[in-house]
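K.L.:
Generate coordinates for the sequence data below:
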Amino acid sequence: MIGGDDGEKGNEVHVACPCCKNRRLFDADPSTTEGIIKIKCPMCKGVIAVSFHLKQIRTEQIATQ
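P.N.:
I've put the predicted structure just below:
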């Protein structure tokens with residue numbers, strides 16, 4: 001199948017907000033992602049640090065509004 005989805009989304013996990021438990025901040029593949037990003041939750045407006053290290057995902061609240 002050309003241009004189709006060959007099941008590559010199978011490794012993606014849902015990253016959740018630790019404050020309000022919004023389960024769908026975004027989807028990420030921990031096997032190919034490395035580093036730290038900051039994102040604002042659209043529901044509670046908290047700033048969340050998402051750390052990807054050694055195929056593990058960790059979320060932490062770093063600010064609120």
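
K.L.:
Listing request: residues of this structure with sub-threshold pLDDT.
P.N.:
Scanning the chain with the threshold set as pLDDT under 70 gives 1-10, 64-65.

K.L.:
What are the neighbouring residues in contact with the residue most central in space within the chain?
P.N.:
Central residue of the chain (Cα atoms, centre = their mean): residue 15, 3.5 Å from the mean position. Going by Cβ atoms under 8 Å, 6 or more residues apart in numbering, residue 15 touches 25, 26, 27, 28, 50, 57, 59. C-beta coordinates here come from the backbone N, C-alpha and C atoms, glycine included.

K.L.:
same check, this time on residue 50
P.N.:
Shown in contact with residue 50 (Cβ under 8 Å, 6+ apart): 15, 25, 28, 36, 37, 38, 39, 57, 58, 59.

K.L.:
Which of the three states applies to it?
P.N.:
strand (DSSP: H, G, I helix; E, B strand; the rest coil).

K.L.:
Could you pull out the strands in the chain for me?
P.N.:
Remark: strands assigned in the chain by DSSP state E are 13-15, 26-28, 35-40, 47-53, 56-63.
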